[in-house]
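Asker: Here is the input, now give the coordinates:
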Amino acid sequence: MLQAEQQEETLRITTLGRFRVEWQGRLLSDESRRASKVWELLKYLVTNRGRDIPTDTLIEDLWEDEEPKDPGRALRNTVYRLRQVLSAGDDPESPYVILSRGFYRFNTSSQYWLDTEEFEQLSTQAKGLSAIEPSESIQLYRRCLSLYKGEYLPGQVYADWVLPVRNYYRRLFLETFLSYVDLLKANNDLPGIGAACEHALQVEPLEEAIHLQFIDFLLRTGKAKAAQAQYNYASSLFYREMGVKPSPDMLEAYRRITLQTELSKHGSDQNQLCPQRSDGSYYCEPELFRFICSSEKRRLQLTGTNMFVAGLQFKGTSDIDAQESILSGILKETLRRGDTFCRWKPGEFLLLLPVTDRERVEKIIKRICERYQPQCGTTDQMLHYWYEPLGLVKEL
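Answerer: Next up, the predicted model:
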């Protein structure tokens, strides 16, 4: 049972980022080798709180790589020592460790405070209030995220019984963080977003979603160089620690960084050239399309990947303005996130498609043509097209 944090007679147990047991401001936990099994037992009982744990299961999990001469006696001695350490705050009528019919359990009715329980409680409360009381929700989110100081029981590196719980709290932290950032964006609180990202990266540096939010924050605040540095750091970190190359989302972030850098170099009017988002694709003016293609071409030379430029041209006698409006609407509905298009000149649209083979380009263009023909209103109006790998397009 979650007890009030301020209650003086409460045993305080911290598990996120470090393991600590305190009572009345006094540190009880001792990570020395002699006491390690005692605290490992408490960690196990707290992790499995609310469950009756058979003696055999405790022995098997806690002495997995050891073979005590008398396992039952070793467990009884460890339980006794744990009770002795916790005796200062123990209530005889509601002790922390219970033995009943051969089963051990942590007593959730005892007087204790556990960081993971408060973390879950605050996360649930914050999400529930986000739509009706955003300011209160923000405060709850901050309190919740401040409790997460790292992974669950970090000292238990190889214990199988810890891994599922550790992964659960990591996922909950990430979900809570992203919900919090969404709320801050809705309230246009950029400083809050920056602070949240910096804290989150300190405790979970290998979570791509956090790096992406931080890059987005840096771009929103006009810090393209810092965003580029963050992208470089994240990419090298992921490759060094996990052996993975940038994901499509990271490459999309790189594209946005390059775009903002190019605009800054050319002193362009960003309001005039800013791409319009439509269901994930970008519509932009010809000058900006040229910038994007130039930036992508340089990136492709470094990564060795590929993408295509495609052109769509009207051939017929119908009103060009009307046909352009029809085709523009189809492109906004058909193209996906990461695709870019522009009205290059009267009667012609250009598309930048981040796909790697001609077959996929053909499918995309065929889908566009199939949607266009029934809407154009005449049989003499045709849509001609061409496409080339971006690396082979000499100039636009």
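Asker: now the stretch 151-300 of the chain, which segments are flagged as low pLDDT?
Answerer: 265-281, 299 (pLDDT under 70).
Asker: Show me where it has its strands.
Answerer: Counting by DSSP state E, counting those that start in this stretch, the stretch 151-300 of the chain has these strands, from start to end: 276-278, 281-283.
Asker: ok so residue 351 is a strand residue?
Answerer: Yes. Assignment of residue 351 by DSSP: H, G, I helix; E, B strand; the rest coil places it within a strand.
Asker: For it, give its distance to residue 292.
Answerer: Counting by Cβ to Cβ, to the nearest Å, the separation of residue 351 from residue 292 is 11 Å. C-beta here means a position set from N, CA and C on the backbone, and glycine is covered the same way.
Asker: what residues do the two have in common as contacts?
Answerer: Residues touching both residue 351 and residue 292 (Cβ atoms under 8 Å, 6 or more residues apart in numbering) are residue 340.
Asker: When those two are compared, which one has more neighbours?
Answerer: residue 351 (24 against 20; other Cβ atoms under 10 Å).
Asker: Report the contact partners of the more buried one.
Answerer: Listed by Cβ under 8 Å, 6+ apart, the contact set of residue 351 reads 309-312, 331, 335, 339-341.
Asker: could you redo the last one with a cut-off of 6 Å?
Answerer: Listed by Cβ atoms under 6 Å, 6 or more residues apart in numbering, the contact set of residue 351 reads 310, 341.
Asker: That one and residue 332: what is the separation?
Answerer: 12 Å.
Asker: Which stretches in this protein count as helices?
Answerer: 36-47, 55-62, 71-86, 115-129, 134-147, 163-186, 190-203, 208-220, 224-242, 248-266, 270-273, 286-303, 320-334, 358-375 (DSSP state H).
Asker: Can you spell out which helices and strands pack onto the second one?
Answerer: Helices and strands touching helix 55-62, by 3 or more Cβ pairs under 6 Å, 6 or more residues apart in numbering; DSSP states H and E, are helix 71-86.
Asker: For the helix it packs on, C-alpha coordinates in CSV please.
Answerer: The C-alpha trace of helix 71-86 is given here as CSV (Å, rounded to 0.1, in the frame of the first residue of the first chain):
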residue,chain,number,x,y,z
PRO,A,71,19.8,-24.0,1.1
GLY,A,72,16.8,-23.9,3.5
ARG,A,73,19.0,-22.8,6.4
ALA,A,74,20.7,-20.2,4.2
LEU,A,75,17.4,-18.7,3.3
ARG,A,76,16.1,-18.7,7.0
ASN,A,77,19.4,-17.0,8.1
THR,A,78,19.0,-14.4,5.4
VAL,A,79,15.4,-13.7,6.3
TYR,A,80,16.4,-13.3,10.0
ARG,A,81,19.2,-10.9,9.2
LEU,A,82,16.8,-8.8,7.0
ARG,A,83,14.2,-8.6,9.7
GLN,A,84,16.9,-7.5,12.2
VAL,A,85,18.0,-4.7,9.9
LEU,A,86,14.4,-3.6,9.3
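Asker: Can you give the distance of it from its chain's centre?
Answerer: Mean-position distance between helix 71-86 and its chain equals 41 Å (Cα atoms, centre = their mean, to the nearest Å).
Asker: in it, what's buried?
Answerer: 71, 74-75, 78-79, 82, 85-86 (16 or more other Cβ atoms under 10 Å).
Asker: swap in stretch 356-374?
Answerer: For stretch 356-374, a neighbour-count test (16+ other Cβ under 10 Å) marks 361, 364-365, 368-369, 371-372 as buried.
Asker: what's the burial count for residue 231?
Answerer: The local packing of residue 231 (other Cβ under 10 Å) involves 23 other residues.
Asker: And for residue 297?
Answerer: Residue 297, neighbours per other Cβ under 10 Å, totals 14.
Asker: Residue 104 bridge partners, please.
Answerer: Beta-bridge pairing for residue 104 (DSSP bridges): residue 53, residue 99.
Asker: do you know how far it is from residue 82?
Answerer: Residue 104 sits 10 Å away from residue 82, taking Cβ to Cβ as the criterion.
Asker: Likewise for residue 220?
Answerer: 51 Å.
Asker: swap in residue 323?
Answerer: Taken as Cβ to Cβ, the span from residue 323 to residue 82 is 79 Å.
Asker: cool, residue 51 as well?
Answerer: As defined by Cβ to Cβ, residue 51 lies at a distance of 17 Å from residue 82.
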